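Q: Generate coordinates for the sequence data below:
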Amino acid sequence: MKKIILLIFLFIAGCDNIQNNNPNVKKSSSNICHEKGSQYYKQTKKYVSYSTIEDCLNSGGRLPR
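A: Have a look, this model is predicted:
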């Protein structure tokens, strides 16, 4: 049962990544939140996507300096 739940979770997480190829906010692997249109947004390749900057900050991210 645990394996089935894990597989469903991974499938859903993968679908979310596929649908959100152009997120509003990207949180980089160094936990910096980059909004669409900001200086390093396009350069950020490894990221977690968020709908808003507030969601990104609440997840432990920070604003660029």
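Q: Contacts only, for K36.
A: By CB atoms under 8 Å, 6 or more residues apart in numbering, the residues touching K36 are 22-25. Where C-beta positions appear, they are placed from N, C-alpha and C, glycine not excepted.
Q: Go through the residues you listed and say which is closest to S51.
A: Of all the contacts of K36, S51 sits closest to N24, with 5.7 Å by CB to CB.
Q: Which pLDDT does the model give N22?
A: As predicted, N22 sits at a pLDDT of 81.
Q: Which members of the contacts of K36 define the maximum pairwise distance?
A: Applying CB to CB across these, the maximum distance is between N22 and V25, 11.1 Å.
Q: ok, these two, which is more surrounded?
A: Each of N22 and V25 has its neighbours counted (other CB atoms under 10 Å); V25 has more, 22 against 8.
Q: pretty sure that one is touching I32, no?
A: No. Taking contacts as CB atoms under 8 Å, V25 lies outside contact range of I32: 10.5 Å.
Q: Now S59: closest residue in space, sequence neighbours ignored.
A: Once flanking residues are discounted, S59 sits nearest to K27: 6.6 Å by CB to CB, 6 or more residues apart in numbering.
Q: Just say helix, strand or coil for that neighbour.
A: Counting by DSSP: H, G, I helix; E, B strand; the rest coil, the backbone at K27 sits in strand.
Q: just use 528 as the starting number from now, easier for me
A: Fine by me, first position is 528 from now on; the one you just mentioned is K554.
Q: Can you give me the distance of it to I532?
A: 26 Å (CB to CB, to the nearest Å).
Q: which one of these two has more residues nearby?
A: K554 (24 against 9).
Q: Quick check: that one vs L584, distance?
A: Taken as CB to CB, the span from K554 to L584 is 9 Å.
Q: okay, and the common contacts of those two?
A: With CB under 8 Å, 6+ apart as the test, K554 and L584 both reach C560.
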